[in-house]
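Participant: Fold the following and give me the result.
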Amino acid sequence: MKQSTINDFFKGNNQLSKKVTKKKKLKFIVKSNLNINIDTAKQSLNMLPNMIEELYVRYKEKDDYKPMHLMKKHFDIFYENEVLELISLFERPIPYLRKYYRRLAKEFYLIKEKNFFEVFKQVKEILNMTKQYPHIIRGSAGCSLVCYLMKITDLDPIFLNINLTRFMHENRSDMPDIDIDFPAHDRNKIYEKIFRRWDGKVARISNHVLFKEKSALKEAIRESGYHKFLPKDFDLYKIFDNQDKINKILKSAREKLGTFKNYSLHCGGIVIFKDKVPKDYFLKTCDIYKNKESIKGNQIKLNKDEVEDNGLIKIDILSNKGLSQLWDISKQPILDYDFNDKNIYDYLSKGENLGITYGESRGMRKIFVEMKPRNIHDIATALALIRPAAAKNGQKFNFLKDYHFTNKVERDKYVIYDDDAIESISKLLRVSNSEADIYRKAFAKNKFYKKKDFRDRLEFVQRNMSIDDIDLIIERLEGLQSYSFCKSHAYSYAYLLYVLVYHKYYNPNKFWESTLKNCCTSYRKWTHYREAYNNGVILDKYTKCSNNLSPEKQYFSQGFWNTPNFLKNMYFTFNDYNSIDEVENRERNYDCNGKEIKETINVKFRGLIATYKIFKSCNKLSKKSKFITFVTIGYDNCKYIDIVLWGCHKLSKAHCLEGVGTYEDGHWIKVSNFKYGYI
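Facilitator: Residues are numbered from 1 along each chain as shown. Prediction:
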């Protein structure tokens, strides 16, 4: 039976049947070991009266009269006990600027209204226990000034102009997530500390795995009494020859579709309880360290949605290979680096991103080369641009085009960050950011009726807007269903990426040693090992090397070679020029309108495949095939070139490509003819 036949059979019932029953919200207050000193907190507010006086004078000068007693009442929130407890945990002084105090007052009112105090305390206690390890906060917690002053995050949201809404707002009742990234190779040690600190009171949460088409079909086959091995692309008609039995199996599989299959362990979510883990929630015990006798941890049945429904606090303890990579190079805190080093931005602008965790893909390289970043804001934007949501509907292409030619982009035209969507919706509908975020979530989670409500309101508020303009706005927001970055997440990773590039530039030997130890890559093994070898790393420390074999035999036996020269007979040459520099500095011709007349630059190449990826193309791009294969080849030490092949080419077993084509946009080859080469 063809797979398409099975797919068609399932089309009639593809909705999830599992429903989560909301339970009464509970509150679990955990006894804390934090050093809370309310008197110290009050002393840190000694400048607040002066701030209130300045605000009063400022409003009076603007004829925006606000009585002093109302001004004072607004800031009374600072002196409430639970707020003072949080202030006593501040590790950074409150900057003496009005906007900081106003933002803090807003956050404290929200934290009090939603009773979010315990979230911040639990995270702070975990970070106090793990001070010997670096961390960064992923997700939206970087939006919070409270998190910054508590040193939960290193992002100053006022300085970076990050709105609070993505983290918490008036219409959000669920607990805000604070996801902590630790070095990947140390995460289990951190779990061990947490499970020892709250012995018997902490548990990891579960994922609820549901039956999908193939797993439902396999389960139905097994229930029919067939227990032999099922290959990946099994044919139902080759297993059974009775049509009635096949129909019965398909019916059974259809009934299973979307129902509960089994539990799996969530990637990092934990819950800390007041007392022992409740028996109703308990699933099983699990080892913190795999294949090693160690302290046991609890796992509960609840998934992340049920944790929220039960009013519990979920904290994600996540691993980050970029932090592992950095931690092995230097223990210097991330914020202690100079983020205005022109050499680093020039280095990135040349596309020197190989080995940089979260930023080494060829797609990222293209963005860096075209954007030519000049500050940390550009790096954060580049990281957000590569995500699927920002790249949808030609946004990435148009953004880079505008940025490259004008260096001044109209941000209202694009949804690069989640925060852009919130601000855009707020302006379009003339509503608060809080209400705008409800609509953002509706697009992100594909809620039909809420999206329809958005369109109706947009047509009512923007009556002069054409149907085409409205369709364009909605099409842009539909992209939020794909993965996207909020602004604070992008900045957290931007600082980390910058520091990794800093060490690649100034400490290449240490950088590549750490990269070999810590990083997984989409590139083939030889790329990182050749870069490390060419930067003086002794490869014998990290893997066994066969020095007695030829480079070609070393490549096939161990995936790389440790000799000075690149493999023989690899090249990238121009038909009419001698080098890339000569191409870049060639005399250019322009038409009568000042537009450059494009010159066809023919090239020949033969190189070792470094990485490749197959994409489904847009019909506008090519009538030849609906697929495009992007390949990167190496042709000399530390020299790579991107080539584009029309069609779907599975190159997992290929090693070398050679062919001819044209040199495009100064960094890639449009291939007209190619073949697989031999090494």
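Participant: quick one: stretch 366-383 to chain centroid distance?
Facilitator: Relative to its chain's centre, stretch 366-383 lies at 16 Å (C-alpha atoms, centre = their mean, to the nearest Å).
Participant: Could you tell me the average pLDDT over it, please?
Facilitator: Stretch 366-383 carries an average pLDDT of 92.
Participant: end-to-end on that stretch?
Facilitator: End-to-end span of stretch 366-383 (C-alpha to C-alpha, to the nearest Å): 12 Å.
Participant: which residues touch it?
Facilitator: The contact list for stretch 366-383 (C-beta atoms under 8 Å, 6 or more residues apart in numbering) reads 160, 339-340, 345, 348-351, 353, 358-359, 364, 385-386, 396, 400, 403-404, 416, 485, 487, 490-491, 493-495, 497-498, 642, 667. Bear in mind the C-beta positions are built from the backbone N, C-alpha and C, glycine included.
Participant: And the buried ones among the residues you listed, selectable in ChimeraX?
Facilitator: The ChimeraX selection below is limited to those of the contacts of stretch 366-383 classed as buried (16 or more other C-beta atoms under 10 Å):
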select :160,339,345,348,349,351,353,358,359,364,385,386,396,400,403,416,485,487,490,491,493,494,495,497,498,642,667
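Participant: Go through the contacts of stretch 366-383 and flag which are in helices.
Facilitator: Under the assignment DSSP state H, the contacts of stretch 366-383 contribute 345, 348-349, 364, 385, 396, 400, 403-404, 487, 490-491, 493-495, 497-498 to helices.
Participant: The longest strand anywhere in the chain: partners in the sheet, and parallel or antiparallel?
Facilitator: Using DSSP state E to define each element, the chain has its longest strand at strand 602-616. Partners of strand 602-616 in the sheet, by DSSP bridges, are strand 571-574 (antiparallel), strand 627-636 (antiparallel), strand 656-664 (antiparallel).
Participant: Most tightly packed of these?
Facilitator: Using mean count of other C-beta atoms under 10 Å, the stretch among the strands paired with strand 602-616 with the largest mean neighbour count is strand 627-636, at a mean of 20.
Participant: Nearest approach to Ile38 belongs to which of the strands paired with strand 602-616?
Facilitator: Smallest distance to Ile38 across the strands paired with strand 602-616 (C-beta to C-beta): 58.8 Å, for strand 627-636.
Participant: centroid residue for this structure?
Facilitator: Nearest to the mean C-alpha position of the chain, by C-alpha atoms, centre = their mean, lies Phe485 at 6.1 Å.
Participant: Give me the distance between the residue nearest to that one when sequence neighbours are not counted and Tyr417.
Facilitator: If the residues on either side of it in the chain are set aside, Phe485 comes closest to Ala384, at 4.3 Å by C-beta to C-beta, 6 or more residues apart in numbering. Here Ala384 is placed at a distance of 5 Å from Tyr417 (C-beta to C-beta, to the nearest Å).
Participant: Give me the common contacts of these two.
Facilitator: Common contacts of Ala384 and Tyr417 (C-beta under 8 Å, 6+ apart): 390, 484-485, 487, 490.
Participant: Give me the domain ranges for the chain.
Facilitator: With domains defined by automatic domain parsing, the chain comprises 38-176, 333-488, 571-677.
Participant: can you redo those domains as a markdown table with distance to Arg254?
Facilitator: Listed next are the domains of the chain as a markdown table, based on distance: least, C-beta to C-beta, whole Å:
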| stretch | distance to Arg254 |
| --- | --- |
| domain 38-176 | 34 |
| domain 333-488 | 23 |
| domain 571-677 | 28 |
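Participant: Of these, which is nearest Lys232?
Facilitator: With C-beta to C-beta as the criterion, Lys232 lies closest to domain 571-677 of those, at 15.2 Å.
Participant: Endpoints of the closest one, how far apart?
Facilitator: Counting by C-alpha to C-alpha, you get 12 Å between the two ends of domain 571-677.
Participant: same thing with stretch 382-393?
Facilitator: So stretch 382-393: terminal residues 17 Å apart, C-alpha to C-alpha.
Participant: now do stretch 379-395
Facilitator: In stretch 379-395, first residue to last residue: 17 Å (C-alpha to C-alpha).
Participant: how far does that stretch sit from the chain's center?
Facilitator: Its chain's C-alpha centre and that of stretch 379-395 lie 11 Å apart, by C-alpha atoms, centre = their mean.
Participant: if I look at the residue nearest to Glu223 when sequence neighbours are not counted, how far off is Lys228?
Facilitator: Nearest residue to Glu223, sequence neighbours excluded (C-beta to C-beta, 6+ apart): Ser252, at 6.6 Å. Ser252 sits 18 Å away from Lys228, taking C-beta to C-beta as the criterion.
Participant: again with Ile315
Facilitator: For Ile315, the distance to Lys228 equals 44 Å [C-beta to C-beta].
Participant: Look at those two and report which has more neighbours.
Facilitator: Ile315 (21 against 7; other C-beta atoms under 10 Å).
Participant: show me the contacts for Thr632.
Facilitator: Contacts of Thr632 by C-beta under 8 Å, 6+ apart are 362, 523, 609-612, 640-643.
Participant: Next one: it, what pLDDT does it get?
Facilitator: 95.
Participant: now do the same end-to-end measure for stretch 550-563.
Facilitator: Start-to-end span of stretch 550-563 (C-alpha to C-alpha) is 9 Å.
Participant: Start the count at 697 instead of 1 going forward.
Facilitator: In the new numbering, first residue 697, that becomes stretch 1246-1259.
Participant: contacts for that stretch?
Facilitator: 1220-1222, 1225-1226, 1229, 1235, 1239-1243, 1245, 1261, 1263-1264, 1351, 1375.
Participant: are any of those buried, and which?
Facilitator: Those of the contacts of stretch 1246-1259 that meet the buried threshold are 1220, 1222, 1225-1226, 1229, 1235, 1241, 1263, 1351, by 16+ other C-beta under 10 Å.
Participant: Need the worst-confidence member of those.
Facilitator: Of all those, Cys1241 carries the smallest pLDDT score, 74.
Participant: how many neighbours does Gln1177 have?
Facilitator: 14.
Participant: Do I have it right that it meets Asn1142?
Facilitator: Yes: look at Gln1177 against Asn1142 with C-beta atoms under 8 Å: they come within range, at 5.5 Å.
Participant: Sticking with the nearest residue to Glu866 once chain neighbours are set aside, tell me its helix or strand.
Facilitator: Closest residue in space to Glu866, ignoring its immediate chain neighbours: Ser1130 at 4.5 Å, by C-beta to C-beta, 6+ apart. Element membership of Ser1130 [criterion: DSSP states H and E] is helix 1129-1140.
Participant: Which residues does that helix contact?
Facilitator: When contacts are defined by C-beta under 8 Å, 6+ apart, helix 1129-1140 is touched by residues 859, 861-862, 865-868, 1114, 1117-1119, 1121-1122, 1125, 1143, 1146-1147, 1149-1150, 1173-1174, 1176-1177, 1180.
Participant: among the residues you listed, which ones are buried?
Facilitator: Of the contacts of helix 1129-1140, these count as buried by 16+ other C-beta under 10 Å: 859, 861-862, 865, 868, 1114, 1117-1119, 1121-1122, 1125, 1147, 1150, 1173-1174, 1176, 1180.
Participant: From those, which land in helices?
Facilitator: Per DSSP H, those map to helices at 1114, 1117-1119, 1121-1122, 1125, 1147, 1150, 1173-1174.
Participant: Present those as a markdown table; the columns should include pLDDT.
Facilitator: Putting these into a markdown table (pLDDT from 0 to 100) gives the following:
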| residue | pLDDT |
| --- | --- |
| Asp1114 | 92 |
| Ala1117 | 92 |
| Ile1118 | 94 |
| Glu1119 | 93 |
| Ile1121 | 94 |
| Ser1122 | 94 |
| Leu1125 | 94 |
| Lys1147 | 93 |
| Phe1150 | 94 |
| Leu1173 | 92 |
| Glu1174 | 91 |
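Participant: Ramachandran angles for the residue of the chain most remote from its centre?
Facilitator: Outermost residue of the chain with respect to the C-alpha centroid, by C-alpha atoms, centre = their mean, is Asn938; its distance is 48.7 Å. As for Asn938, its main-chain torsions (degrees, to the nearest 10) stand at phi -100, psi 120.
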